[in-house]
Every structure is written in structure tokens, then in C-alpha cells.
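*Asks:* model this:
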Amino acid sequence: MRDRRPGLICRCRRRLRQFCRHHPQEADPRDRGRTAVPKSTPRPALARPGGKACRAAARALRYRLLVKRLLAAAALSLATIPAVASDTVVDLELVLAVDVSNSIDLDEARLQRDGYIAALGDESVLAAITAGRTGRIALAYVEWASVDHFEVVVDWQLTDSDASAALFATRLKASPISRALTTATGAAIDRAAALFTANGYAGRRVIDISGDGIANAGPRVERSRDRAVAAGITINGLPIAFDPDNPHGLPNKVDLARYWRECIIGDPGPFVVVAESFRTFARAVREKLVLEIAGRSPVDPARLWRAQLTPEIAICDIW
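*Replies:* Predicted structure coming up:
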């Protein structure tokens, strides 16, 4: 079959003629445009009769030219692909997932946010951030409620100094607080886990779930937890116990600490730190952030519950 690449063949023939001109003993008398070797001329012992060496050289030339074209095409295609920067190594990738469902009024939602803002300016938290192996963490803040309500208030930010922590707190303070009716804890875990994908960081992954009630919408919370744990994500909990002095609060009919322990948190080493009320939330946030950044557990056993492999609460949702 005739080769349909005339340019390639022309170059090959030109180089082949040069080859045979310098190696007349290898030329084939049947090849057009070539001078036959006189019979009186002794042929070298290694020469192959019938111009096989010339034809082998032609095949080699075709192959080299083809490889050059393929490499050039590959280089051109690679040049059009955008470069992907290597992930920045950090000590911790932390998603702060804050409940803003209907059981939390606007004042309580503001207290939650102010607690995180205050914690980011606390010396103990800043010392924990800079004391790690890399001296930096990646931080994101989200607010969640119903299945369709998941707001990334402050997206991933590298935090490695007082200035970067203050910048995160400033961005958080300037953002409006979102609200929704139901409590879809499972959906919040699923969507928070998805934030780690291609976020540009590489480190220990933790979701910090805070709230004051149990799930009443969305996917089964324990199944969402198991999916996150299977992906290598730790889920820690910050349940907020009912404050009877707050007329807007709703009393909880279940033990929130136990519910968080058996239905929400997960991985071999998660923990729960309980905020006894919204008024003590800032202190609980500060303590919990220090522990999470350092990768440690609370020293007070009364405020620590390890995750159980087999939940004692049969139902983790109320719908």
C-alpha cells in the first residue's frame, strides 16, 4: 500500500540517497536513481545482497521521522494543558461546619460566629497553629441547616500567622449569617467532606460539626459519617447543651453529647467537647480548636466521649 505521507517519504528518500551515495556497496541495482555496483568491485563480507541494508536503513529513517512527529504532537498537546500546582502541605485541613437551623435563633447564631472569631485571635490557638510540623493549617467556615442550605462563608485559606488568622476572622465577621428551617446533619457532612477534594492542600482532614439538635432531614447521618470516615476524614463534635436562661432556645429531648458521640463523630480518634450553653460556646471553641490543631484529646474525661463502633442509640434521626 502506498504511503500517504509524501513529505515523510520525500525526506526519507533524500536521506536514503545520501546514505547509499556514501555506501555504494549497499545499494540495490533495482533502486531507481542509484548506480549499480560493478561486479568487479569486491563486496564487503558484512554486506547484504539485494540492497537489504539500504531498505533497512529506509525503514529506520521512517521510524525515526514518525517518532519525531509523534513527540512534537505530544509536546504541543501538553503545552495546552494548564499546569496544576502541587498541593500545599499543612498540619491540618479543617472545615468548621456551624448549625444555623431553625432551633438556633439569630442571636445564638451570632454568638456561635463570634466564638470562632474570638478563638482565631486567641494566643493559645495561634500558638497551636505555628507549633505544628509545618506551622500552618488550611481553614474553611461553612453554615448548614436544611438539605439545600450549605453556605461556604469563608473558603479555604492558608493560616500560618497572626495576620492570616486575623484576615480569616475579618472575612468571617463581614459575611451575613444565613438561616434555614430543618437540620440535615447528614447532608452537611457529605458536602463538607466534598470540600476537601482538589482544595490545593494536603494534611490531616477534620470536619468540626457544631449544633444544638438532632437531624430531622436529609440522608441518614450515620451513613454520611461512615462515608466520610472511609475517605480518611475525622469528624469531631461540638454540641451545644440547652441553656434554660435563653427564652429562644428549644429544650433537647435527647442527650446531645451521647447523640454526637454515637451518631455524628467518627474515625479512630475523634472527640466531643460540650458547650454547656451559648454563653460558654467561645471557651469551648477555643479549647476544641487547640486540641484539633495539635491532634490531641481533652484531658477532662467529663467533657470527652470517644466514638463507638456500634451505636447505642438505635435511631440517629427523628423523621
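*Asks:* could you chop the chain up by domain?
*Replies:* 6-79, 89-303 (automatic domain parsing).
*Asks:* hey, where'd the helices end up in the stretch 151-300 of the chain?
*Replies:* If you assign secondary structure with DSSP state H, counting those that start in this stretch, the helices in the stretch 151-300 of the chain sit at 162-174, 185-194, 221-230, 256-259, 281-294.
*Asks:* can I get the CA coordinates of the longest one in CSV?
*Replies:* By that I understand helix 281-294. Output in CSV follows, covering the C-alpha atoms of helix 281-294 (Å, rounded to 0.1, in the frame of the first residue of the first chain):
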residue,chain,number,x,y,z
PHE,A,281,-19.5,28.5,73.4
ALA,A,282,-16.5,30.8,72.8
ARG,A,283,-14.5,29.0,75.5
ALA,A,284,-15.5,25.5,74.1
VAL,A,285,-14.5,26.6,70.6
ARG,A,286,-11.1,27.8,71.8
GLU,A,287,-10.4,24.6,73.7
LYS,A,288,-11.5,22.5,70.8
LEU,A,289,-9.5,24.3,68.1
VAL,A,290,-6.3,23.9,70.2
LEU,A,291,-7.0,20.2,70.5
GLU,A,292,-7.8,19.7,66.8
ILE,A,293,-4.8,21.7,65.6
ALA,A,294,-2.5,19.8,67.9
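*Asks:* in that helix, what's buried?
*Replies:* In terms of neighbour count (16 or more other CB atoms under 10 Å), helix 281-294 has its buried residues at 281-293. The C-beta positions use only the backbone N, C-alpha and C, and glycine is treated the same way.
*Asks:* any chance of CSV for the residues you listed, columns pLDDT and distance to Pro270?
*Replies:* As requested, the buried residues of helix 281-294 are exported to CSV (pLDDT from 0 to 100; distance: CB to CB, whole Å):
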residue, pLDDT, distance to Pro270
Phe281, 84, 19
Ala282, 86, 22
Arg283, 88, 20
Ala284, 88, 16
Val285, 90, 16
Arg286, 91, 19
Glu287, 90, 15
Lys288, 89, 11
Leu289, 92, 15
Val290, 92, 16
Leu291, 89, 11
Glu292, 89, 10
Ile293, 90, 15
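*Asks:* can I get those residues in TSV including distance to Asp267?
*Replies:* Formatted as TSV, the entries for the buried residues of helix 281-294 read as follows, by distance: CB to CB, whole Å:
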residue	distance to Asp267
Phe281	24
Ala282	26
Arg283	25
Ala284	20
Val285	20
Arg286	22
Glu287	19
Lys288	15
Leu289	18
Val290	19
Leu291	14
Glu292	12
Ile293	16
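*Asks:* follow-up on the earlier one: which one of the domains of the chain has the lowest average pLDDT?
*Replies:* Between the domains of the chain, the one with the least mean pLDDT is domain 6-79; it has a mean of 56.
*Asks:* host element of Ala127?
*Replies:* Of the helices and strands defined by DSSP states H and E, Ala127 is found in helix 123-130.
*Asks:* who does that helix touch, helix- and strand-wise?
*Replies:* Taking 3 or more CB pairs under 8 Å, 6 or more residues apart in numbering; DSSP states H and E as the contact definition, the neighbouring helices and strands of helix 123-130 are helix 162-174, helix 281-294.
*Asks:* what would those look like in CSV with distance to Tyr201?
*Replies:* Listed next are the helices and strands packed on helix 123-130 as CSV, based on distance: least, CB to CB, whole Å:
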stretch, distance to Tyr201
helix 162-174, 14
helix 281-294, 14
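*Asks:* looking at these, which is nearest to Ala230?
*Replies:* Each of those was checked against Ala230 via CB to CB, and the shortest separation belongs to helix 281-294, namely 20.4 Å.
*Asks:* can you state the direction angle for the closest one and helix 123-130?
*Replies:* 20 degrees (axes from the mean of the first three to the mean of the last three CA atoms, to 10 degrees).
*Asks:* residues making contact with helix 281-294?
*Replies:* 91-92, 94, 111-112, 114-116, 118-119, 122, 124-125, 128-129, 131-132, 137, 206, 208, 210, 236, 238, 240, 271, 273-275, 297-298 (CB atoms under 8 Å, 6 or more residues apart in numbering).
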